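[1] Just the structure for this:
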Amino acid sequence: MTTTATTTTDAWLLQLIWLASPALPIGGFSYSEGLEAAVEDGQVDDEASASGWLAEQLHLTVARSDAAVVAQAIEAWRADDMGRIAQLDAWVLQTRETAEMRQQTEQMGRSMVEWLKSVQPALAARATMHLTYPLAFALTASATTAPVRDCLLAFAFGWAENMVQAAIKSVPLGQSSGQRILLRLAGEIPAAVDRALRLTDDERQAFSPMLAILSARHETQYSRLFRS
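    Numbers count the residues shown, from 1 in each chain. Predicted coordinates for the structure are as follows:
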């Protein structure tokens, strides 16, 4: 057997893979982000409609909102600009249009910081206020030497894996269908990330009225698997 030295790139790449893993104990698997309500409403009922729904969600909500926030927050964490962190965190909370959406970002952010306390306590100590999930993810990613674009690729792919699993369970779909949807999303993520990187504060937005309506309906949906 031979041993090779771990390079700087190896280190941050493995850390980003870790952050993107659905096994990360932050509860992402328990949310469908309105998808389950879309299934109940009949808007998603097979592989094609699930694939189209998630691709649109990637470009219309993830790229224009959370991914853009993550990009800006990574730079702020690295610059130790806590005023900017507070501003971005407040924006995330203000743009959550339903109780479920707000609950998700608060719970996942809190869980990310709790996880950090067990693996990187010094980094977790920088979270001096309650953080929403995009800000908590950005804090963790900022400690790597990874380029911001690569951090966003990991963030978006982690989202895609969780959402595909939600589609498999709620539509329902087979594993092969899920893998084809994930293949499509993986092909579209780079363009979504590049768009997120270009957005300024004035261009960033979370306007998705149909998703908000479905999320609100999901709060009182009779039978459901997911928390959102």
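
[2] can we go C-alpha only for contacts and neighbour counts from here?
    Will do.

[3] do you know how far Leu214 is from Ser176?
    Distance of Leu214 to Ser176, computed by Cα to Cα, to the nearest Å: 27 Å.

[4] where does the nearest residue to Ser170 once chain neighbours are set aside land on pLDDT?
    Distances taken as Cα to Cα, 6 or more residues apart in numbering put Glu36 closest to Ser170, at 5.9 Å, once the chain neighbours are dropped. pLDDT recorded at Glu36 is 94.

[5] Tell me the spacing between Glu36 and Glu219.
    For Glu36, the distance to Glu219 equals 11 Å [Cα to Cα].

[6] shared neighbours of those two, anything?
    Ser228 (Cα atoms under 8 Å, 6 or more residues apart in numbering).

[7] ok, back up a step: which of Leu214 and Ser176 has more residues huddled nearby?
    A side-by-side neighbour count of Leu214 and Ser176, using other Cα atoms under 10 Å, places Leu214 first with 22 against 11.

[8] okay, that one: pLDDT?
    93.

[9] ok now do it, which residues does it touch?
    By Cα under 8 Å, 6+ apart, the contact set of Leu214 is 34, 37-38.

[10] Return the member of the residues you listed nearest to Gly109.
    Ranked by distance to Gly109 (Cα to Cα), the contacts of Leu214 are led by Gly34 at 18.9 Å.

[11] Assign Arg204 to helix, strand or coil.
    Three-state call for Arg204 (DSSP: H, G, I helix; E, B strand; the rest coil): coil.

[12] if we can go back for a sec, can you pick out the residue with more neighbours from Glu36 and Glu219?
    Glu36 (28 against 16).

[13] contact partners of the helix or strand that the more buried one is a member of?
    Following DSSP states H and E, one finds Glu36 within helix 35-40. For helix 35-40, the surrounding residues in contact (Cα under 8 Å, 6+ apart) are 44-45, 166-167, 170-171, 214-215, 217-218, 221, 224-226, 228.
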